[in-house]
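> coordinates only, sequence not included:
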């Protein structure tokens, strides 16, 4: 290697180190730390399995759990989160104004949200299809049979765009009834105001299972769209995007390695590899570049659990909904989710 190359690489290394140091002091992280709470969105009603309030007034659901994981990564405490009830249309104004710090609200990454609204996305934490529920008495075998009928759906969401695009592409004419909350949408459908109910697959499946007569409804075979759900942030703060991605990766990496809230202390005391030791903060290095402590991932797993644990109690077999993981399983279990590498 000649002297010029060595000088260039040394300078590049210094520049990268300086960039990493600066990345640990993102504006959003500093604002959240100064406030002492992470502001996350809830729902103005209940988005079952993702953001809902239990009979004791406590928030629960997959999206809420991810907010608590982020708060734990930052503060070491899952209670250091403030849930702000907002509807779907309020997501972006609330984020841009700073009323919330991140959108974790069953929201997809789209081109217009990136280029027109100035948003950034994490990796996907859930992959779901858009489906349609119909009253069985109508005898529909597909959405084409609903020609001239009506479809209820949530306003100001990608569901509205997906339904309109699907109807146009298939030459189907239907009345679209767009309503503000998920409760309004499901109530309108179950009261007979609409012939069909279009929503994200998990939502319609949960709604059908909780209907007064579940057998009176049928899930049509049409798949209107496939959407990756992501955590969404304002553009211009790469450190904040990094924290979101590494928090999600921590949940997935722990599941991949068999690390749970129950065994994390034992594994931290006797890590099976250098990678796991660094991940759990037994050796330093996992926090500094993010502006977090070296035990942030350990705290997340000990106090919130790995991805499987939070999925099962929110949507899966430990929840009232008993939904299978399907595509939202880890790569090694036939799904699409994977962690980044903790090297």
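Right, received. Where do you want to start? Model, not experiment: these values are computed from the prediction. Numbering: from 1, shown residues only.
> How far does the longest strand belonging to the chain sit from its chain's centre?
If you go by DSSP state E, the chain has its longest strand at strand 119-135. Relative to its chain's centre, strand 119-135 lies at 9 Å (C-alpha atoms, centre = their mean, to the nearest Å).
> same question, stretch 282-290
Distance of stretch 282-290 from the chain centroid (C-alpha atoms, centre = their mean) equals 25 Å.
> what do you get for stretch 309-325?
How far stretch 309-325 lies from its chain's middle: 15 Å, per C-alpha atoms, centre = their mean.
> Give me the residues contacting that stretch.
For stretch 309-325, the surrounding residues in contact (C-beta atoms under 8 Å, 6 or more residues apart in numbering) are 48-50, 60-62, 64-66, 69, 202, 205-206, 209, 251, 260-261, 304, 328, 333, 335. Any C-beta I mention is one placed from the backbone N, CA and C, and that applies to glycine too.
> What separation do you get for residue 172 and residue 148?
9 Å (C-beta to C-beta, to the nearest Å).
> Buried only: go through the contacts of stretch 309-325 for me.
For these, a burial check counting by 16 or more other C-beta atoms under 10 Å picks out 48-50, 60-62, 64-66, 69, 202, 205-206, 251, 260-261, 304, 328.
> Mind checking which of those residues land in strands?
residue 60.
> could you pull out the strands for the stretch 101-250 of the chain?
103-108, 119-135, 150-154, 175-179, 196-200, 217-219, 225-234 (DSSP state E, counting those that start in this stretch).
> closest to residue 85 out of those?
Proximity to residue 85 (C-beta to C-beta) singles out strand 103-108 among the strands of the stretch 101-250 of the chain, at 10.7 Å.
> Now, the buried ones among the contacts of stretch 309-325 that are in helices?
Taking DSSP state H, the ones among the buried ones among the contacts of stretch 309-325 that sit in helices are 62, 64-66, 69, 202, 205-206, 251.
> Of those residues, which is the nearest to residue 165?
Using C-beta to C-beta, these come closest to residue 165 at residue 202, 20.8 Å.
> so how many other residues sit close to residue 97?
Residue 97 has 9 neighbours, counted by other C-beta atoms under 10 Å.
> give me phi/psi at it?
Backbone geometry at residue 97, expressed as degrees, to the nearest 10, gives phi -80, psi -10.
> Residue 318 too?
The phi/psi pair for residue 318 (degrees, to the nearest 10) is phi -100, psi 10.
> How many neighbouring residues does it have?
Neighbour count of residue 318, defined by other C-beta under 10 Å: 12.
> now it: how far from residue 329?
Note on residue 318: its distance to residue 329, by C-beta to C-beta, is 16 Å.
> what sits against residue 343?
Counted by C-beta under 8 Å, 6+ apart, residue 343 has contacts 275, 278.
> Let me know the pLDDT of it.
Residue 343 is assigned 92 on the pLDDT scale.
> sorry, back to before: tell me which of the strands of the stretch 101-250 of the chain is the most buried.
Burial of the strands of the stretch 101-250 of the chain is given as mean neighbour count (mean count of other C-beta atoms under 10 Å); strand 196-200 ranks first at a mean of 27.
> Give me the distance from that strand to the chain's centre.
20 Å.
> hmm, who's touching it?
For strand 196-200, the external contacting residues (C-beta under 8 Å, 6+ apart) are 106, 128-135, 140, 143, 146, 149-154, 159, 162-163, 174, 182, 185-186, 189, 204, 207, 220, 224, 227.
> same question, stretch 32-40
Residues from elsewhere that reach stretch 32-40, judged by C-beta under 8 Å, 6+ apart: 64, 67, 70-71, 74-75, 80-84, 99-102, 104.
> and the two most separated of the residues you listed?
The largest separation in the contacts of stretch 32-40, counting by C-beta to C-beta, is between 75 and 99 at 19.4 Å.
> ok, those two, which is more surrounded?
When residue 75 and residue 99 are compared for neighbours, residue 75 comes out ahead with 20 against 13, by other C-beta under 10 Å.
> Mind pulling the model confidence for the more buried one?
For residue 75, the model assigns a pLDDT of 98.
> can you give me the helices for the protein?
Counting by DSSP H, the chain has helices at residues 3-23, 27-35, 62-75, 91-97, 111-115, 158-169, 182-190, 201-209, 238-256, 264-269, 274-279, 296-303, 307-314.
> The ones you listed into a markdown table, with extra columns for distance to residue 285?
Shown next, in a markdown table, are the helices of the chain (distance: least, C-beta to C-beta, whole Å):
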| stretch | distance to residue 285 |
| --- | --- |
| helix 3-23 | 12 |
| helix 27-35 | 18 |
| helix 62-75 | 15 |
| helix 91-97 | 31 |
| helix 111-115 | 32 |
| helix 158-169 | 39 |
| helix 182-190 | 43 |
| helix 201-209 | 37 |
| helix 238-256 | 13 |
| helix 264-269 | 15 |
| helix 274-279 | 5 |
| helix 296-303 | 11 |
| helix 307-314 | 23 |
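> For residue 42, which of those is the nearest?
helix 62-75 (7.1 Å).
> helices or strands next to the closest one in the packing?
helix 27-35, strand 38-41, strand 81-84, strand 103-108, strand 119-135, helix 238-256, helix 296-303, helix 307-314 (3 or more C-beta pairs under 8 Å, 6 or more residues apart in numbering; DSSP states H and E).
> can you rerun that using 7 Å?
Other elements packing on helix 62-75 under the criterion 3 or more C-beta pairs under 7 Å, 6 or more residues apart in numbering; DSSP states H and E are strand 38-41, strand 81-84, strand 103-108, helix 238-256, helix 296-303, helix 307-314.
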